[in-house]
Structures are given as C-alpha cells and as structure tokens.
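Chemist: Got a predicted structure here, sequence first:
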Amino acid sequence: MDALPFLATANPKRQPIYVLSGDEDFLKRLARDRIIANALGDADPSFAMSVYPGEKLDFSTIRNELDTLPFLAPCRIVIVENADPFVTAHRPTLEQYCTKPSSVGVLILDVKTFPETTKLAKALPDGGKISCKSPPPYKLPAWCVEWAKTRHSKKLASDAAEMLVELVGTGMGLLDQELGKLASAAGAKPGIAAADVAKLVGRSKAADVFRIMDAVGEGKPGEALSILEDLFAEGEDPMAILGPLTAQLRKLAAVGRFSADGLSLGEAMNAAKVPNWDKARQSCEKQVKHLGRRRLEKLTDWLTEINIGLKGGNPLPERVQVERLVVMLARPRES
C-alpha cells in the first residue's frame, strides 16, 4: 500500500508487522506516527515503545520485547530503524514469525528496499507493507494543495503550489516546512497566493538550475552565465550545481534519443519522465528545440567529460569548466 492512501484511511486495521520501505523520510515519519497512534490510542508511547538500530541486532532481543505486555498500554511497539541488514540477517526467522506473531506486539521495520518477490513480502498483508516513496513530481503541486488544506487549514492556489514545487524541489519534508512558514505568515488570511510564495520562499539549487536552463532554452548565454555567477558569488560549490544540472541534461538527452527513434515530442518527454505540468513541458520543449539534434546527441559525452574534469581530470578551475558547459549549451545553434 502506498503511504498516502494509508494515511488517508480513517481507522486502519492494526497489523502485527509493518514494513516502511522507500527513501521519503517525511512519509515514513507520518506513517510511523499513524501506526503508533492507531495501536496505542491515548496511552503514553514512552511506556510502550522501543527503538533499535538494525545493525548487529539479534532477533531474540526483538522477540522478547514483542512478547512483553507494557504497563498501561494495549500493546508493545518495537521499531527497527535502518532495518535492511536486520531483515537480510534474519529473513527465515522473520518469515516464520509472520506465521505466528506476538498477540501483544507490533513490529515496525524501516527499510530502504523491500522487493515484493520475497517470501517475507508475500507473507505480509498489503496493510502491513507501506511504500514511502515521493509521488511523481507532476503530482506534487496537487499534494501541496491538499496538504495545505488538511494540515495547515489554508487554501493554496494552484499556481502558488506549482511555484512552490519549482522553488523548493521535490522533497516532501521541505515542502511541508515551507507550507508551515507560509501558513504562519498568512495569519488570519484563509489562503496562500503565488505572490506569497514568491515573497517568502527561497530557491533551491535545483530551482536555480532551472533558471539557468530556461535561459539556455531562450538562447541567452549572457543571462545563463549571470545566474551562474550569482550562485558562485553566494559560495555555491560547482559540484553542487552540476548535480541538478546533470539530472536535467540527462532528461534532455533521453528526449533526443526517443525523438530520434520516431516518438513525438510529447511521447518522448513522457518516456524521459519529464514532469507533466505546463511550465516544465514548455521549458523542455524550448530547450530541445534550441539545442538541436547534434547537441542533444553530445550531451552524454559532455557530462562524462565534465564529471571527469571536476574530479581532477582537467587543470582548469572547476567554475570555469561549468561556465564552459553552460556557454556550449546556451550559444546559438550552429548552422
């Protein structure tokens, strides 16, 4: 079960074992809190909950905890954090435990991966397997609107939500923090507008790279370099800028390959997983048309070259190497 439907369920049935898988820590925290509240009700968690690291943990320790009825609480909760090595080391024992779990214990395993093909995964009901992965980027504005309403009691305008995701990025925890700040700043006002987001929310590195790529798509090397120089002046590391820049250029290279294989531009963007909101699609289309087929085919080689260069393979200063890449991208297409 995905985390968002689980969190929306009014009274989920208590399971003896939960596996929280994925890399979105914000959703894991929410799911964990929901499981604890649902299992303990009004009881004090400090009397009924134990947390263990997953490295070098014996199953017997966990089993003893799970079989111990806590004081003034309906059940015992045992949480294993970073549980991947624990699951790997004790998989057969966990599979056996699934057939006859403790009647007074709830086990929560926090893992990065949990393949559905394993015997352990097949032994657990869907309600006990919570996938904590961030929604696709194009769905995040809608999530922000809903989250602002349910968690912060504010109406977030749709254009404000899109701007928020563009500025902050796709981290749900960061989006929640910014929504909390916006809700506090709004005070008695019932809504949050795009102007509020523009005024109060700072840009992430990814958003700054999007600005650079917007200038690239417009064929404005001077503007792209100006944004880049501002980032360097603020102390940004070239490698930190190259990360989100590489992610966008790899998408553009993929769009170029899919287009060369005969897909329409829209189909190519879908296949390359370009976000599906209007601004992202429009920007990508401009960048593809500006770069042209020849440069799109060279992008992967250019990225390999600069990655090697920034790791010591090029004697030029790191910022000069990034500047050269941006100029190659933004200059007019060769005839």
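Modeler: Nice, I can see it. Numbering: from 1, shown residues only.
Chemist: Show the contacting residues for residue 104.
Modeler: Residues in contact with residue 104, defined by Cβ atoms under 8 Å, 6 or more residues apart in numbering, are 66-69, 75-76. C-beta coordinates here come from the backbone N, C-alpha and C atoms, glycine included.
Chemist: switch the cut-off to 7 Å
Modeler: By Cβ atoms under 7 Å, 6 or more residues apart in numbering, the contact list for residue 104 reads 67, 69, 75-76.
Chemist: What of residue 209?
Modeler: Residues in contact with residue 209 (Cβ under 7 Å, 6+ apart) are 241, 244-245, 248.
Chemist: least confident pick among the contacts of residue 104?
Modeler: Among those, residue 69 carries the lowest pLDDT, at 84.
Chemist: separation between the closest residue in space to that one that isn't next to it in sequence and residue 316?
Modeler: Nearest residue to residue 69 in three dimensions, chain neighbours excluded: residue 104, at 4.7 Å (Cβ to Cβ, 6 or more residues apart in numbering). Distance of residue 104 to residue 316, given as Cβ to Cβ, to the nearest Å: 65 Å.
Chemist: Quick one: the helices in the stretch 51-200 of the chain, in order.
Modeler: Taking DSSP state H, counting those that start in this stretch as the criterion, the stretch 51-200 of the chain contains helices spanning 59-66, 84-89, 91-99, 119-123, 140-152, 158-168, 172-186, 194-200.
Chemist: and residue 20, that's in a strand?
Modeler: Yes - counting by DSSP: H, G, I helix; E, B strand; the rest coil, residue 20 falls inside a strand.
Chemist: The residue nearest to residue 232 when sequence neighbours are not counted is in what secondary structure piece?
Modeler: Once flanking residues are discounted, residue 232 sits nearest to residue 319: 5.5 Å by Cβ to Cβ, 6+ apart. Element membership for residue 319, per DSSP states H and E: helix 318-330.
Chemist: what's the answer for residue 250, then?
Modeler: Assigned by DSSP H and E, residue 250 falls within helix 238-260.
Chemist: now the angle between helix 318-330 and that helix, please.
Modeler: Counting by axes from the mean of the first three to the mean of the last three Cα atoms, to 10 degrees, helix 238-260 lies at 20 degrees to helix 318-330.
Chemist: buried stuff in helix 238-260?
Modeler: By 16 or more other Cβ atoms under 10 Å, the buried positions in helix 238-260 come out as 238, 241-242, 244-246, 248-249, 251-259.
Chemist: which residues sit against whichever helix or strand comes after it?
Modeler: As assigned by DSSP H and E, the chain's next helix or strand after helix 238-260 is helix 265-271. Outside helix 265-271, the residues within contact range by Cβ under 7 Å, 6+ apart are 255, 258-259, 263, 281, 284-285, 288.
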